[in-house]
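A.B. asks: no sequence for this one, just the structure:
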């Protein structure tokens, strides 16, 4: 009981919830598909048709926004960790 209470107080989110994740990387072939693969590995029910893509003004960077249905803090942490560690990713918000 105490563990559940402390885990709940660690997170300000209530799960499940819709959670937006923004991933930025250099514009390169396959970047969006690579990121989509990572997202689907952690959130299998993610609707890939909802991914938003925006190029930077100069076209050097691509920003992807995925609103995932997160089921736990651990799921989000694992997703952030894998995205942040990928060599094509510059930043994850």
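C.D. replies: Arrived safely. Quick caveat, the model's predicted, so the values are computed rather than measured. Residues are numbered from 1 along each chain as shown.
A.B. asks: now residue 82: closest residue in space that isn't a chain neighbour?
C.D. replies: With sequence-adjacent residues excluded and distances taken as Cβ to Cβ, 6 or more residues apart in numbering, residue 82 is closest to residue 38, at 5.4 Å. C-beta coordinates here come from the backbone N, C-alpha and C atoms, glycine included.
A.B. asks: who's in contact with that neighbour?
C.D. replies: Contact partners of residue 38, counting by Cβ atoms under 8 Å, 6 or more residues apart in numbering, are 79, 82, 83, 86.
A.B. asks: the third one and residue 43: what is the separation?
C.D. replies: Separation of residue 83 from residue 43 (Cβ to Cβ, to the nearest Å) stands at 12 Å.
A.B. asks: returning to that earlier point: report the buried residues of the helix or strand harbouring the residue nearest to residue 82.
C.D. replies: Assigned by DSSP states H and E, residue 38 belongs to helix 31-42. Judged by neighbour count using 16 or more other Cβ atoms under 10 Å, the buried positions of helix 31-42 are 31, 32, 34, 35, 36, 38, 39, 42.
A.B. asks: closest to residue 13 out of the residues you listed?
C.D. replies: residue 42 (15.8 Å; Cβ to Cβ).
A.B. asks: so what's that closest one up against?
C.D. replies: Listed by Cβ under 8 Å, 6+ apart, the contact partners of residue 42 are 68, 75, 78, 79, 82.
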